[in-house]
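Participant: following is a predicted model, sequence given first.
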Amino acid sequence: MEVGRADLPAPLVGAPRRLTDGAERRSCGHADAIPPNMSATKQHCAMEAGQMDLLEFSKMIIHLDAEELAEGGIQAAYKDLLPELLKHVKEADEITEVLDNKGSSYTVHHHDRTYSIYASEYDDASWANATYALFSIVNAQLAGSPYRFYAINGGNDLGGIFLTSEQYEQARRTLERKDDWPYLPSDRAALMADRWPPDPNT
């Protein structure tokens, strides 16, 4: 069921971190995300130039895993995200999911919208569909907030991060490779590779 893995960039993968509700989720970030040739002085200069502290940035990333999401894990991942989401909204919406006992279909429901993750176990777009569904559900609730929930990497190394527009721009200025930039998953991305590099104009 894995799609487009050959085209994915090297992810920023790190150690687990514990969310405030006690649920353990791995962080995609790590100190190793800082380029080895970037000295402490250069990092300080980058911050003064309006760039982001890569160490702090990496700590903010929550590991999700698109495969787990697509295999009936969206509601569980959403529950794990609630402590972070509730920092930016007064209350969080409920979502429901319907997973066919035979594994032939998987849908997620939020308000009056239904997200079809897959219609058969051989649906190659399921990872992309699951990614879009989770981020769309979270961002719909952030409409009145300065924050948005951005994706980092993809596939098994998918991560999510809450950023303001200013922090988003700082990340773009700091991360040299466009493949590492935060992005908003698109519902028209049928394949994982379609989102690399993310197009900020779409």
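Facilitator: That came in fine, so what should we check first? Numbers count the residues shown, from 1 in each chain.
Participant: remind me, longest helix of the chain?
Facilitator: helix 126-140 (DSSP state H).
Participant: quick one: mean pLDDT over the helix or strand where residue 173 lies.
Facilitator: Element membership of residue 173 [criterion: DSSP states H and E] is helix 165-174. The average pLDDT within helix 165-174 is 92.
Participant: go on, stretch 72-90?
Facilitator: 96.
Participant: in that stretch, what's buried?
Facilitator: Buried residues in stretch 72-90, defined by neighbour count with 16 or more other CB atoms under 10 Å: 72-75, 77-78, 80-82, 84-85, 88-89. C-beta coordinates here come from the backbone N, C-alpha and C atoms, glycine included.
Participant: and for it, what's in contact with it?
Facilitator: 19-21, 23, 25, 62, 64-65, 68-69, 92, 95-97, 99, 106, 108, 117, 130, 133-134, 137-138, 141-142, 144-145, 147, 149, 160, 162 (CB atoms under 8 Å, 6 or more residues apart in numbering).
Participant: what about the protein, any weak spots by pLDDT?
Facilitator: 1-52, 103, 120-123, 188-202 (pLDDT under 70).
Participant: can you show me the helices along the chain?
Facilitator: For the chain, applying DSSP H gives helices covering 40-48, 54-59, 66-68, 74-85, 126-140, 165-174.
Participant: which elements pack onto the shortest one?
Facilitator: Read it as helix 66-68. With contacts taken as 3 or more CB pairs under 8 Å, 6 or more residues apart in numbering; DSSP states H and E, helix 66-68 sits against helix 126-140.
Participant: before we move on, the earlier item: mind giving me the packing neighbours of the helix holding residue 173?
Facilitator: helix 54-59, strand 147-152.
Participant: and the first one, which residues are buried?
Facilitator: By that I understand helix 54-59. Buried-residue list, helix 54-59, by 16+ other CB under 10 Å: 54, 57-58.
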